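Trainee: Sequence and computational prediction follow.
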Amino acid sequence: MSLLDIQNLHVRIGDADILRGLTLAVAAGEVHAIMGPNGSGKSTLANVIAGHEDYEIVSGSLRYDGKDLAPLAPEERAREGIFLGFQYPVEIPGVNNAYLLKAAVNARRKHQGLPEIDAFEFLKLARARMAELGIDPKFLNRGVNEGFSGGEKKRNEILQLAMLEPRLAILDETDSGLDIDALRAVAAGVNGLRSPDRAIVLVTHYQRLLDYVEPDYVHVLSEGRIVRSGDKSLALELEEKGYEWAREAATA
Amino acid sequence: MNPVLPLDTLTRVVRRLPGGGLSAARQAALASFAERGFPSLSDEDWKYTDLTPAIDVSREWLAAGGPAETPDPAGILAVRATLDAHWLVIANGELQEAQSNALTLPGIRARRGHVGETRFEAPLSDLNAALSHDVLELTIGREYRDEKPIVLLVADAATGAPIASQVRIAVRLEDSAVASFVEYHVSSGNERHYSNTFIETDVAPDACCRWVRVQERAPVHTQTARLDVRLDHGARLEHFGIDLGGALTRNDLRVDVVGRHAQVTLDGVYLAGPGQHVDNHTRTEHRVGPARSRQEYRGVLSGRCRAVWNGKAIIHPGADGTDLEQANHNLLLSGDAEIDAKPELEIYADDVKAAHGATVGQLDERALFYLQSRGIGPARAKRILTRAFAATVLDKLPLPCLRELVGDKVEARLRGMAGGATA
């Protein structure tokens, strides 16, 4: 059974129809890449799975682990094991990074019926994860994303991902704006989290990230639909021929 | 004509006060107050703050014969247990010497003087001068080297009938003296109360004065409090005001920079929930330069309430080299909250740096979604963001020993304002 199962999904924001009949199935253990030009609906897909209230499901179904996601609030989805890595992580001055991480970890643990993690255990775990991701431990005591560079923000997203151990991770343009060192660090972080129990969906504009994180499946999104699916060679073909080719091939 | 109090009753009450009763100074204050009355909405400085509750309480208190109630020592002792400090306890306007260990600290000279001439030029000062028991005069010598703050605990209790009380204090920090004060306003009892405080502080050359005002009044309380600070050459003032309670609160903070190289910090946080009115007026006069002046007030408003922030700064001719920044930021958590924010900058010198700004906003929806997407429920997410909004200025609290206490009080108040939701 697929962990994420999307059937003929239509999504609207305001008066604009963004997703127009999207179908996608992702099983645990798989890594999927969703590629597409700007405005094709990639970020909408990521946000609607996470539960952003601005996005209205008009028709179709969105199921996770066999359950309908539509009635669940964003925090409930997160506690159930869905993680969205933001394209633009929000700066929250005055909220300590460690505080947010610990609150997030404990919200999920509580939901799973596990005891809350104590401060000592949390710090030990956070420091270990930060070492793996090459993040300065000082980041723990800074405001969430406050004054972080683009690369630091994305690493911080991957740190949250690593701490929360979700079953479904959706990474929205995690590679955008990264220099090569940051891209390598982020990719290494993602690769380290590949597991038979976990599904990862990479939403990306460019093929570049896929040189470092090798997907099992590649899908091309155009005008709110998946127009082509294939293995990693599709990403290379796309890079060579451009999105126009994928769109034309689909409508031909 | 501005509202007045019945002069004959007022005079009768003043006659019974200690320290010579109707002295010449009190008589002059009475005459001046009788002529001017309470400030009203038609006074530019008071156009957002209606003192009717203070006037009503004062009238009823006078009609009942004036000072009567004995303060509640248990409540005061409970407050004292929360902070490791030296204490000056003023209950219902009367200094409680037995509970005031700060009167006898080495390096401090304390004296209870008669009400005399002051620099305050205000009708409420006249009322205060007429009705104050005495003036507490504190002189801090340069040999005073205590880390603990001196808490001026202004505690008021009203249980049987409405009470009005007056507090008058004059503080002087001598050359190079360093001292920390907490002006702490609390109240007990569920009857209406009006308290009117006037404090003047002189900071001599190279002295450093840290001053934190905490207002944690009962929900039926009206307060007017004024603090005037004069800064001499190289003197420093680090002021922080925190408003948590009270029904109607008006704080006036006036700083007079009369010596070169003075440094001024005026920060504050005000939290207003349903039915509350909080008005902070500051006025900084830079008469000479160079000097450095920084101000940031932040307000959180929730429910039907009103806050006023008026930050006036005047850079006089010749105050060249003044470097001034002032800011006021407000977070409105509901549509029926009202804020009147007014920065006022008057510059009459040429070589100055001055910047000011005021903002009014709501919680950032993107940040809310970000927290929710990390498993945090909306009520808690809102509280976290609200606390964070206040934290950026609370982090500047000049007395580290107060951080935990103030942090807890702010947290508890925000929880109360959000209706106690815990999701």
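Mentor: Great, that's in hand.

Trainee: Show me the contact partners of the helix or strand that contains B:Ala25.
Mentor: Take DSSP states H and E as the rule and B:Ala25 turns out to sit in helix B:24-36. The contact list for helix B:24-36, computed with CB atoms under 8 Å, 6 or more residues apart in numbering or on different chains, reads B:2, B:4-5, B:7, B:10-11, B:14, B:17, B:22, B:114-117, B:123, B:125-127, B:129-130. Where you see a C-beta, it was placed from the backbone N, CA and C, and this is true even at glycine.

Trainee: Considering only these, which also neighbour chain A?
Mentor: The subset of the contacts of helix B:24-36 within reach of chain A, by CB under 8 Å from any CB of the partner chain, is empty.

Trainee: how many other residues sit next to residue 243?
Mentor: I went with chain A, as the question did not name one. 18 (other CB atoms under 10 Å in any protein chain shown).

Trainee: switch to chain B, that's the one I care about
Mentor: 27.

Trainee: Chain neighbours aside, what residue packs nearest to it?
Mentor: Using CB to CB, 6 or more residues apart in numbering or on different chains and skipping the chain neighbours, the partner closest in space to B:Asp243 is B:Tyr270 (4.0 Å).

Trainee: ok, the one you found touching B:Asp279?
Mentor: No. B:Tyr270 is beyond contact range of B:Asp279, at 9.0 Å (criterion: CB atoms under 8 Å).

Trainee: For the two, list the residues in contact with both.
Mentor: With CB under 8 Å, 6+ apart, B:Tyr270 and B:Asp279 have common neighbours B:Ala307, B:Trp309.

Trainee: Which one's more surrounded, the two?
Mentor: The residue with more neighbours, out of B:Tyr270 and B:Asp279, is B:Tyr270; 26 against 22, by other CB under 10 Å.

Trainee: Phi and psi next, for that one.
Mentor: phi -130, psi 140 (degrees, to the nearest 10).

Trainee: what pairs with it across the strands?
Mentor: B:Asp243, B:Gly299 (DSSP bridges).

Trainee: distance between the helix holding B:Ala25 and the chain's centre?
Mentor: Centroid separation for helix B:24-36 versus its chain: 24 Å, with CA atoms, centre = their mean, to the nearest Å.

Trainee: thinking again about what came up before, need the contact list for the residue nearest to B:Asp243.
Mentor: B:Gly241, B:Ile242, B:Asp243, B:Val278, B:Asn280, B:Tyr297, B:Arg298, B:Gly299, B:Val300, B:Ala307, B:Trp309.

Trainee: if I've got this straight, the fifth one is in a strand?
Mentor: To tie it back to what came earlier, the one meant is B:Asn280. Yes. Assessed with DSSP: H, G, I helix; E, B strand; the rest coil, B:Asn280 lies in a strand.

Trainee: Wait, it touches B:Gly241, no?
Mentor: Yes. The pair B:Asn280 and B:Gly241 passes the contact test of CB under 8 Å, sitting 6.6 Å apart.

Trainee: Quickly list what's touching both of the two.
Mentor: With CB under 8 Å, 6+ apart, B:Asn280 and B:Gly241 have common neighbours B:Asn251, B:Leu253, B:Gly268, B:Tyr270, B:Tyr297.

Trainee: Local confidence estimate at the first one?
Mentor: As summarised for this prediction, B:Asn251 has a pLDDT of 98.

Trainee: what secondary structure does it sit in?
Mentor: strand.

Trainee: hey, what's it bridged with?
Mentor: The partner residues for B:Asn251, given DSSP bridges, come to B:Ala225, B:Asn280.

Trainee: That one: how many residues sit nearby?
Mentor: Neighbour tally, B:Asn251, other CB under 10 Å: 23.

Trainee: what does chain A put close to chain B?
Mentor: Going by CB under 8 Å from any CB, the residues of chain A near chain B are A:50-53, A:73-75, A:77-79, A:83-84, A:86, A:89-90, A:92-95, A:100, A:103-104, A:107-108, A:111, A:143, A:160, A:164.

Trainee: now do 7 Å
Mentor: A:50, A:52, A:73-75, A:78-79, A:84, A:86, A:90, A:92-95, A:100, A:103-104, A:107-108, A:160 (CB under 7 Å from any CB of the partner chain).

Trainee: So which of those residues are in strands?
Mentor: Those of those mapping onto strands are A:Leu84, A:Ile92, A:Pro93, A:Gly94, A:Val95, per DSSP state E.

Trainee: which residue packs closest to the first one, ignoring adjacent ones?
Mentor: Meaning A:Leu84. A:Leu84 sits nearest to A:Ala50 (CB to CB, 6+ apart), 3.9 Å away.

Trainee: Whether stretch B:382-397 contacts chain A - can you check?
Mentor: Yes. With CB under 7 Å from any CB as the criterion, chain A is reached by stretch B:382-397 at B:Ile384, B:Ala388, B:Phe389, B:Ala391, B:Thr392.

Trainee: what about that stretch, distance to the chain center?
Mentor: With CA atoms, centre = their mean, you get 20 Å for stretch B:382-397.

Trainee: ok now do the closest residue to chain B within chain A, which residues does it touch?
Mentor: Residue nearest to chain B within chain A: A:Gly94 (3.0 Å; CB to the nearest CB). Shown in contact with A:Gly94 (CB atoms under 7 Å, 6 or more residues apart in numbering or on different chains): A:Gly143, B:Ala388, B:Phe389, B:Ala391, B:Thr392.

Trainee: and these as a markdown table, adding secondary structure?
Mentor: Output for the contacts of A:Gly94, formatted as a markdown table (three-state DSSP):
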| residue | secondary structure |
| --- | --- |
| A:Gly143 | strand |
| B:Ala388 | helix |
| B:Phe389 | helix |
| B:Ala391 | helix |
| B:Thr392 | helix |
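
Trainee: picking that back up, could you identify the buried members of the residues of chain A next to chain B?
Mentor: Buried members of the residues of chain A next to chain B, counted by 16 or more other CB atoms under 10 Å in any protein chain shown: A:50, A:52, A:74-75, A:78-79, A:84, A:86, A:90, A:92, A:94-95, A:100, A:103-104, A:107-108, A:160.

Trainee: What's the separation between B:Arg103 and B:Leu138?
Mentor: Rather than Arg, residue B:103 is Leu. B:Leu103 sits 9 Å away from B:Leu138, going by CB to CB, to the nearest Å.

Trainee: An error on my part: the question was meant for B:Leu394.
Mentor: The value you get for B:Leu394 to B:Leu138, if CB to CB is used, is 27 Å.

Trainee: From the contact counts, what lies against the next helix or strand after the helix holding B:Ala25?
Mentor: Where DSSP H and E defines the elements, the next helix or strand beyond helix B:24-36 is helix B:52-63. Packing partners of helix B:52-63 (3 or more CB pairs under 7 Å, 6 or more residues apart in numbering or on different chains; DSSP states H and E): helix B:7-15, strand B:163-173, strand B:193-203, strand B:221-231.

Trainee: average pLDDT across the second one?
Mentor: Computed over strand B:163-173, the mean pLDDT rounds to 96.

Trainee: Just the CA trace of that strand, in PDB.
Mentor: Extracted in PDB, the C-alpha atoms of strand B:163-173 (Å, rounded to 0.1, in the frame of the first residue of the first chain):
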ATOM      1  CA  ILE B 163      -9.000  54.700  48.600                       C
ATOM      2  CA  ALA B 164      -6.800  57.400  47.000                       C
ATOM      3  CA  SER B 165      -3.100  57.500  47.900                       C
ATOM      4  CA  GLN B 166      -0.200  59.800  47.100                       C
ATOM      5  CA  VAL B 167       3.500  58.900  46.900                       C
ATOM      6  CA  ARG B 168       6.300  61.400  46.700                       C
ATOM      7  CA  ILE B 169      10.000  60.400  46.500                       C
ATOM      8  CA  ALA B 170      13.100  62.300  45.700                       C
ATOM      9  CA  VAL B 171      16.300  60.300  44.800                       C
ATOM     10  CA  ARG B 172      19.800  61.600  44.300                       C
ATOM     11  CA  LEU B 173      22.700  59.500  43.000                       C
END
